[in-house]
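*Asks:* this one's structure only:
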Ligand SMILES: [Zn+2]
């Protein structure tokens, strides 16, 4: 969730801008901020959230397409799976 003012920050449960970023541990100090919607609230500088997302994407890419000489740890093969009923997502919207 993007936070751009005090009202939004307070509604998100972030008491003050002196709280520390969950990524870099520096005080938030200014907007914009990003608040995760996970069970445990985490708040980030917008630039830190972008950096964290980029790191996750790079890690995922490396995991699924490891550079030589490394090989895949596994191969995902959906040909023999049985379709299951799609359950409703439990995330808040
Ligand atoms: Zn930060």
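*Replies:* All right, it came through fine. It should be emphasised that the depicted structure is a prediction, and the values quoted were computed from it without experimental measurement. Numbers count the residues shown, from 1 in each chain.
*Asks:* ok, now how distant is the closest residue to residue 12 other than its chain neighbours from the ion?
*Replies:* Counting by CB to CB, 6 or more residues apart in numbering, the nearest residue to residue 12 once its immediate chain neighbours are dropped is residue 35, at 4.8 Å. (Glycine included, C-beta is placed from N, CA and C.) Separation of residue 35 from the ion (CB to the ion, to the nearest Å): 13 Å.
*Asks:* okay, and the beta partners of residue 35?
*Replies:* residue 43 (DSSP bridges).
*Asks:* let me know the pLDDT of it.
*Replies:* Listed pLDDT for residue 35 reads 94.
*Asks:* determine the number of other residues adjacent to it.
*Replies:* 20 (other CB atoms under 10 Å).
*Asks:* then residue 44?
*Replies:* Residue 44: 22 surrounding residues under other CB under 10 Å.
*Asks:* enumerate every residue touching it.
*Replies:* For residue 44, the contacting residues are 21, 22, 23, 33, 34, 35, 36, 52, by CB atoms under 8 Å, 6 or more residues apart in numbering.
*Asks:* ok, the fourth one touching residue 45?
*Replies:* So the one you mean is residue 33. Yes - contact status for residue 33 versus residue 45: in contact at 6.6 Å, counting by CB atoms under 8 Å.
*Asks:* so which of these two has more stuff around it?
*Replies:* Legend: neighbour count by other CB under 10 Å for residue 33 and residue 45, higher for residue 33 (25 against 21).
*Asks:* can you report phi and psi for the more buried one?
*Replies:* phi -130, psi 160 (degrees, to the nearest 10).
*Asks:* can you count the residues close to the closest residue to it other than its chain neighbours?
*Replies:* Nearest residue to residue 33 in three dimensions, chain neighbours excluded: residue 3, at 4.2 Å (CB to CB, 6+ apart). As a burial measure, residue 3 scores 21 neighbours (other CB under 10 Å).
*Asks:* pLDDT value on residue 3, please?
*Replies:* So residue 3 comes in at 94 (pLDDT).
*Asks:* surely it touches residue 13?
*Replies:* No - taking contacts as CB under 8 Å, residue 3 lies outside contact range of residue 13: 10.6 Å.
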